[in-house]
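Asks: next comes the sequence, and after it the predicted model I'd like to discuss.
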Amino acid sequence: MRILLVSFQFPPEMTGNAPLLGELCEDLHARGHQVTAIVGPLHHSFEETPARYRPRWLTREFLSGAEVLRVNMVLTRSMWANKLLGYVYFPLAATLLGLLQARHDVILCPSPPLWLGLAARCVSLLRRTPYVYVAQDLWPSAPVRLGLWRNKLLILFFSWMERYVYTRAKRVVVIAERMREDVRAVGVPEERITTIENWVDCSLIHPLERHNAFRRAVASPDDFVVLYSGNMGHSHAIDIVLRAAERLKEHGEIRFVLVGAGTQKLRLMQMANKLELTNATFLPLQPRERLAEVIASADICLVPLRKGLSTASLPSKIYTYMAAGRPLVASLDPGESAWCLIEKADCGVLVEPGRPDQLAEAILDLRGDPELRRRYEENARRYAELNCDRAICTRAYEEMLEAVAERRDAPPRATPQPDRGRP
């Protein structure tokens, strides 16, 4: 197959969908497929644009098994401004570049942002190539639930866009079964919806010795390390984690280690200083090759989302924590996709979002129950190996893309799903 990937995120970014898309392209290339990736500017993992991308508006390179066309831009000091600028002009640039490419067999377009799907639709229509849309999150659900969007006209406009992007796609991929209902609700037939979970490379991320070099650098030998690793954006309730840390200040051996970058990081660091949190340490994003060591250093890993957000997304960090064999404490909406995943895998404690008291209590309970932690560790790793290993999920993508490419004008055939075994 000749596959055109249109994505805002791609390596060398280290957060969000970027690592997953890099691994997908590597596996597709290894299986004999040709991938061209039109990708957006770097902004999440870098304070300034790396030198090799700086002089040019467009950079062409071979990376992660794909021919990569990267649309670059000069970064400002504001990560929010960088994101907004990229979200506005990258879909336009991607449309133009997509039309200039030789015809492909299929187009793959993952969210976010939702409106990037319009670029995929435009190229699909003009080049007569089917496109697959991957709903990593559900917009406009997320900003509405966050309270960021209240304007009815704005909500109606993006609801129309959601319906248009979804219903024109030959296949819509969702990352959790519970998201299928939302996609059906906008008019996509059941037979055009495929569930493929996000994944983790279980050969790269695996259980390691807890008392490693990273842990020795951030904690004392007797400390109990509570780790958050990933993006520190508006949807991630790190402020609730800091409130929990405030409640646990008297337990001096409990240390919160917060690793990552994002639009909210500076505010959160200022908040920690104001609360005089001597038990919380902020660190920058670590190199991907060190990720397994970073997660292995933790006694507990955190998954905090703001109220309403886990109805629209499923954090990939859950799979990473599980592959590393670490118990989770997750602050999520009850009954939603992320909650059900952790409940099904039986690998952590679940608390309601926005409740620092419950979060602190869950951390204390797990700290005092090493047998329960051990059970969660074993269950987490087992679930990752059986259900969301990289090889299983990228193979499912390959089979789905082949089905769409082979039957451009016919309804897509059902895609075999990986075995959803229980631990």
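Replies: Yep, it's here.
Asks: now stretch 200-220: mean pLDDT?
Replies: In this model, stretch 200-220 has an average pLDDT of 95.
Asks: start and end of stretch 316-334, how far apart?
Replies: The first residue of stretch 316-334 is 18 Å away from its last residue (Cα to Cα, to the nearest Å).
Asks: cool, and stretch 276-290?
Replies: 29 Å.
Asks: and what of stretch 279-295?
Replies: The separation between the terminal residues of stretch 279-295, taken as Cα to Cα, is 18 Å.
Asks: and stretch 166-186, by the same measure?
Replies: 8 Å.
Asks: quick one: low-confidence parts of this protein?
Replies: 43-49, 55, 74-82, 142, 145-146, 311, 408-423 (pLDDT under 70).
Asks: any idea how it splits into domains?
Replies: Domains of the chain are assigned by automatic domain parsing as 2-198+389-406, 213-386.
Asks: so how far is the first one off the chain centroid?
Replies: Put simply, domain 2-198+389-406 sits 12 Å off its chain's centre (Cα atoms, centre = their mean, to the nearest Å).
Asks: likewise the last one?
Replies: Relative to its chain's centre, domain 213-386 lies at 15 Å (Cα atoms, centre = their mean).
Asks: which stretches of this protein form strands?
Replies: With DSSP state E, the ranges of strands along the chain come out as 2-7, 34-39, 58-63, 66-71, 106-110, 131-135, 171-174, 193-195, 224-231, 254-261, 280-283, 300-304, 328-331, 348-351.
Asks: Pro91: which of those strands is closest?
Replies: With distances scored as Cβ to Cβ, the stretch of these nearest to Pro91 is strand 2-7 (8.6 Å). Heads up, the C-betas are built off the backbone N, CA and C, glycines and all.
Asks: can you check what angle separates that closest one from strand 131-135?
Replies: With axes from the mean of the first three to the mean of the last three Cα atoms, to 10 degrees as the basis, strand 2-7 and strand 131-135 are set at 40 degrees to each other.
Asks: how many degrees apart are strand 2-7 and strand 34-39 in direction?
Replies: Here the directions of strand 2-7 and strand 34-39 differ by 20 degrees (the same axes, to 10 degrees).
Asks: who does strand 2-7 pair up with?
Replies: Paired with strand 2-7 in the same sheet, following DSSP bridges, are strand 34-39 (parallel), strand 106-110 (parallel).
Asks: and those strands as JSON lines, adding distance to Tyr133 and mean neighbour count?
Replies: Supplementary listing: the strands paired with strand 2-7 in JSON lines, determined by distance: least, Cβ to Cβ, whole Å; neighbours: other Cβ atoms under 10 Å:
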{"stretch": "strand 34-39", "distance to Tyr133": "15", "mean neighbour count": "23"}
{"stretch": "strand 106-110", "distance to Tyr133": "5", "mean neighbour count": "26"}
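Asks: can you name the farthest residue from the center of the protein?
Replies: Centroid-distance maximum for the chain: Glu250 at 34.1 Å, with Cα atoms, centre = their mean.
Asks: now render the strands paired with strand 2-7 as JSON lines, adding distance to Val349.
Replies: Output for these, formatted as JSON lines (distance: least, Cβ to Cβ, whole Å):
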{"stretch": "strand 34-39", "distance to Val349": "37"}
{"stretch": "strand 106-110", "distance to Val349": "31"}
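Asks: who's in contact with Glu177?
Replies: Under the criterion of Cβ atoms under 8 Å, 6 or more residues apart in numbering, the contact partners of Glu177 comprise Thr195, Ser337.
Asks: go on, Phe62?
Replies: Going by Cβ under 8 Å, 6+ apart, Phe62 touches Val68.
Asks: re the thing from before, tabulate the strands of the chain (CSV), appending distance to Glu371.
Replies: Converted to CSV, the strands of the chain look like this (distance: least, Cβ to Cβ, whole Å):
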stretch, distance to Glu371
strand 2-7, 43
strand 34-39, 46
strand 58-63, 45
strand 66-71, 46
strand 106-110, 40
strand 131-135, 39
strand 171-174, 36
strand 193-195, 34
strand 224-231, 16
strand 254-261, 19
strand 280-283, 28
strand 300-304, 15
strand 328-331, 16
strand 348-351, 14
